[in-house]
Each structure stands twice: as structure tokens, then as C-alpha cells.
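> okay, predicted coordinates and the sequence, questions at the end:
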Amino acid sequence: MEALLNRMERQEAQATVANQALLDLVGEVRSLRQDGQQFQQQQSLFNQRLLDWTDRQEAFNDRQEKFNDRQEKFNDRQDQFNIIFLDEIRGMKKDIKELTEVVLKQHEGRLKRLEDFMDGFLRKAG
């Protein structure tokens, strides 16, 4: 009988240890579940912030694209202006060169006539 009581006490002690282990396990599982729920809430907030950021980034990209289009049109107009302006400058340079040649020839001609006049005048005077 004593053996039976010892065995029952051991079984009761084992049951107490097993129950305590199960209670600890249940506590850990609850803690893990709470941690998981907290993580999901934080992940949800993060995802919402990321979505908001993505929306703002898309809006920025749209504005940047529109700006780039306007800049490209401006650059095209500037290129056209530069080509026209360069042609005008080349034309003016050609005109100035021609005028310079005409003026120099006229000046040389006047100097030559003045020289001839002075030679003739000095001969008559001499």
C-alpha cells in the first residue's frame, strides 16, 4: 500500500510539474501571440506610411516629368534661336568683312589720289 501511495505521490508531483510546464507554455504562447499582434500593428502602420510615401513620390515624379517636358521644349526653342542667331552673326560678320574691304579700298584710293595731288602740286611748285 505504501508503494501505491509513493507511486501516487510521484504521479501527483509529475502531474504538478507537467501542469506548471503547460501553464508556462500557455503563458509563452500568449506572449508570442501578443508580440505577433504588436508586430502586425506596427507592420500595418509602416505599410500605410510606405503607401503614403509612395503616393507622394508618384506625385513628385509626375511633376518632375512635366517639368522635364517643359524644359525639353525650352531647350528646343533655345536651340532654334541659337541656330538663327548664329546665322545672323555669320551674316553680320560677312557684311562687316565686305564693308571693311570697301572702306579700306576707298581709303587707299583717297590716299593714292592725295599722294598724286601732292606730287603734282610739289612738281608745279618746284
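Arrived safely.

> which intervals of this structure have sub-threshold pLDDT?
By pLDDT under 70, the weakly predicted segments of the chain are 126.

> next, count neighbours for Glu98.
When counting by other Cβ atoms under 10 Å, one arrives at 10 neighbours for Glu98. (Glycine included, C-beta is placed from N, CA and C.)

> ignore the last one, Asn82
By other Cβ under 10 Å, neighbour count at Asn82 equals 10.

> ok, it - contacts?
Listed by Cβ atoms under 8 Å, 6 or more residues apart in numbering, the contact set of Asn82 is empty.

> please, which helix or strand holds the spatially most central residue of the chain?
Geometric centre of the chain, nearest residue: Gln64, 8.5 Å, by Cα atoms, centre = their mean. Taking DSSP states H and E as the definition, Gln64 sits inside helix 2-125.

> from the chain's centre, how far out does that helix sit?
Once both centres are worked out by Cα atoms, centre = their mean, to the nearest Å, helix 2-125 turns out to sit 0 Å from its chain's centre.

> any idea how far Met1 lies from Gln14?
Using Cβ to Cβ, to the nearest Å, Met1 is found at 20 Å from Gln14.

> and these two? Which one has more around it.
Taking neighbours as other Cβ under 10 Å, Met1 and Gln14 compare with Gln14 leading, 10 against 5.

> quick one: the more buried one from Glu58, how far?
Per Cβ to Cβ, Gln14 is found 64 Å from Glu58.

> ok, Asp119 - how many residues close by?
A count of neighbours around Asp119, defined by other Cβ under 10 Å, yields 10.

> how about Phe117?
Neighbours around Phe117, by other Cβ under 10 Å: 10.

> how far away is it from Arg123?
Taking Cβ to Cβ, one finds Phe117 at 11 Å from Arg123.

> what of Gln80?
Relative to Arg123, Gln80 is positioned 64 Å away (criterion: Cβ to Cβ).
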